[in-house]
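Asker: This is a predicted model, with the sequence first.
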Amino acid sequence: LLVMADIDHFKQFNDTHGHDTGDHVLRLVASQLAKTRGGCRAYRYGGEEFTLVFPSMDAIDCRPFIEATRERIAAYPLVIRDKQQRPANNRNGKKQRGRNSGQKALRVTMSFGVARRQKGETIEAVMKRADKALYKAKQNGRNRTEDAV
C-alpha cells in the first residue's frame, strides 16, 4: 500500500513565516510521519510531499494508522519564536518545550492519498493513483485522507 502525503498550504506558510520556519515544519512533519505505526516506512518525496509505504497492509487496515498520524500532526502546537527567543542550547530548549510563552501556536495540517497496488500494476501507476487521491483530498477541504479508485 502506498500513501502520498502533502503539507497543506505550505507555500503560504513559508511565505508568511520564512524559510527557516518552513524547514522546521518539514522536520516536525518528518518526525511525526516516522512515528506512524503498522509497519509504515516514511520517505520525503520532494518539497513538502512525503510517501508512506505499508508493505503488507490493505487500505482498510492501515487507515487508522494514517488517521492517527494526520490527527497528531494537526494537533501539534507549533510556536514561532524569533531568533532572540530561541534557546542557547538543546538543554534550555527542552526546558522551554510545552511551556506557554504567550505566543500564538500555529497548526500544520496534511492531506493524504491512499492507493493499493493492483496485480500487474507498476509502482509508477500506483504512485499516480495515490497522487490523484491526494489532490482529491485537497479539493475536498484538505486535512483529510482519500482513497484512490
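Answerer: Arrived safely.
Asker: helices and strands of this structure: which one has the lowest mean pLDDT?
Answerer: helix 90-96 (a mean of 71; mean pLDDT, DSSP states H and E).
Asker: Let me know the distance separating residue 37 from residue 68.
Answerer: Distance from residue 37 to residue 68, counting by Cβ to Cβ, to the nearest Å: 7 Å. No exception for glycine: its C-beta is placed from N, CA and C like everyone else's.
Asker: more crowded one of these two?
Answerer: The neighbour count for residue 37 versus residue 68, taken as other Cβ atoms under 10 Å, is higher for residue 68 (14 against 11).
Asker: State the phi and psi torsions of the more buried one.
Answerer: Here is the backbone geometry of residue 68 (degrees, to the nearest 10): phi -60, psi -40.
Asker: What residues does it make contact with?
Answerer: 36, 37 (Cβ atoms under 8 Å, 6 or more residues apart in numbering).
Asker: circling back: show me what the very next helix or strand once past the least confident helix or strand of the chain is packed against.
Answerer: Moving toward the C-terminus from helix 90-96, the next helix or strand (DSSP states H and E) is strand 105-106. If you count contacts as 3 or more Cβ pairs under 8 Å, 6 or more residues apart in numbering; DSSP states H and E, strand 105-106 packs onto strand 78-79.
Asker: Which residues does the strand it packs on contact?
Answerer: So strand 78-79 is in contact with 24, 25, 28, 101, 103, 104, 105, 106, 107, 108, going by Cβ under 8 Å, 6+ apart.
Asker: just how off-centre is that strand within its chain?
Answerer: Distance, stretch centre to chain centre, for strand 78-79: 15 Å (Cα atoms, centre = their mean, to the nearest Å).
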